[in-house]
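show me the folded form of this:
(3 chains)
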Amino acid sequence: MPEGPEIRRAADRLAAAVAGQPLLRAQFAFPALKRFERLLPGSRILSITPRGKALLTAFDNGWTLYTHNQLYGVWHVAGPDERPATSRSLRVALETRRASILLYSASNVELWRSDAIETHPFLQRLGPDVLEATLEAATVAARLRSPAFRGRALGALLLDQGFLAGMGNYLRAEVLFDAGLHPGLRPRDLDDAQTTRLAEALLAIPRRSYATRGIAPTRRMRADYLAREGEAFRFRVFQREGAPCERCGTPIARIASQSRPLFLCPRCQPARW
DNA sequence: CTTTAAACCTGCTGGC
DNA sequence: TGCCAGCAGGTTTAAA
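Okay, here's the model as predicted:
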């Protein structure tokens, strides 16, 4: 569940299951964290909140769990003493009387003093979270025009968590298509109308993904996921190479940008105009 | 300054 | 069917 919308949906599920609950048992598959299996139980889980693609689980004894799923981490909610049938490796288990939350496969797991969590090197560098409800298009537009960002190619900028936290590779492609912009363009190449349109897409597309059900963790799981969850975020260019553009019928192209696949409509997203 | 490439973490996919 | 290289929705680091 890699990008901002999927992480935030996971946070919602986890918080609904265990926020406010006293911790009965903790398990960590990392030697450096073993001591917390004794230290954390007895405290209460205060909150589970996303920061871009990272997740912070705060306990009322002054500790905060930092997790980042990278490409492959996945959270499960299970009943007490229950473990899902999966071949993945269990990395974190937090058990309460009501439910357990289980993190599989992730390698990025740390415990921080809550009063120092803001000094975490990853969190410290994050820009505003693109899914934060208070973030406005005018703020994003101003950010696009700022000296720090106006000279960067959009393809790279839209993956930079220091620009907007929570963006990711599928969102980048969908935002650029929505705004009708080529990834090689820079904010300083855009006129006011284009800047505004891009700023609005940068908020609207992630919010739409979050409001629908985001996307399935893997392609294989997609069919099952859709059957279970109902409507999902619909890609217009991502992973649609060769399919006709819904606006103009031109086949969607696949290029590489930042060593990552990027899908676009060559006609709707021209490099020059 | 910005961009690029490689490395790391782990699991899935596609091809043989 | 089984195996394995390469790829993936991420991020950091070093080098260009």
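
please make it C-alpha for all contacts and neighbour counts, starting now.
Noted.

output the below-cut-off pLDDT ranges for chain A.
A:1, A:213-231, A:273 (pLDDT under 70).

quick one: buried residues of the longest helix seen in it?
Longest helix in chain A by number of residues (criterion: DSSP state H): helix A:192-211. For helix A:192-211, the neighbour count (16 or more other C-alpha atoms under 10 Å) marks A:194-210 as buried.

can you check stretch A:262-273 too?
Going by 16+ other C-alpha under 10 Å, stretch A:262-273 has these buried residues: A:262-269.

of those, closest to DNA strand C?
Minimum distance to DNA strand C across those is 7.4 Å, recorded for residue A:262 (C-alpha to the nearest atom of the strand).

so which strand or helix has that closest one?
Element membership for residue A:262 (DSSP states H and E) is strand A:260-264.

mind listing the strands that strand pairs with, and their directions?
Note on strand A:260-264: by DSSP bridges, its sheet partners are strand A:253-257 (antiparallel).

CA atoms of the partner strand as CSV?
The C-alpha trace of strand A:253-257 is given here as CSV (Å, rounded to 0.1, in the frame of the first residue of the first chain):
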residue,chain,number,x,y,z
ALA,A,253,2.9,6.2,-23.9
ARG,A,254,5.3,4.8,-21.3
ILE,A,255,8.6,6.6,-20.6
ALA,A,256,11.2,6.5,-17.8
SER,A,257,11.5,9.4,-15.5
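
which one is residue A:91 nearest to, not counting chain neighbours?
Ranked by C-alpha to C-alpha, 6 or more residues apart in numbering and with sequence neighbours excluded, the top spatial neighbour of residue A:91 is residue A:29, at 4.8 Å.

show me the contacts for that neighbour.
Taking C-alpha atoms under 8 Å, 6 or more residues apart in numbering, we find residue A:29 in contact with A:90-92.

and it, backbone torsions?
Phi and psi for residue A:29, reported as degrees, to the nearest 10, are phi -90, psi 10.

contacts with DNA strand C among the buried residues of stretch A:262-273, please.
Among the buried residues of stretch A:262-273, no residue sits close to DNA strand C (C-alpha under 7 Å from any atom of the strand).

Throw these into CSV and include distance to residue A:144, thanks.
Formatted as CSV, those follow (distance: C-alpha to C-alpha, whole Å):
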residue, distance to residue A:144
A:262, 21
A:263, 22
A:264, 21
A:265, 23
A:266, 23
A:267, 24
A:268, 21
A:269, 18
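
quick one: which of the residues you listed is nearest residue A:233?
For the buried residues of stretch A:262-273, the residue nearest residue A:233 by C-alpha to C-alpha is residue A:263; the value is 16.2 Å.

contact partners for the closest one?
By C-alpha under 8 Å, 6+ apart, residue A:263 lies in contact with A:173, A:237-241, A:252-255.

list the ones among the residues you listed that fall in helices.
Among the contacts of residue A:263, the members found in helices (DSSP H) are residue A:173.

can you tell me which of the contacts of residue A:263 has the most neighbours?
Counting neighbours by other C-alpha atoms under 10 Å, residue A:237 leads the contacts of residue A:263 with 27 neighbours.

so that residue makes contact with residue A:173?
Yes: between residue A:237 and residue A:173 there is a contact at 6.8 Å, judged by C-alpha atoms under 8 Å.

mutual contacts of the two, please.
Common contacts of residue A:237 and residue A:173 (C-alpha under 8 Å, 6+ apart): A:263-264.
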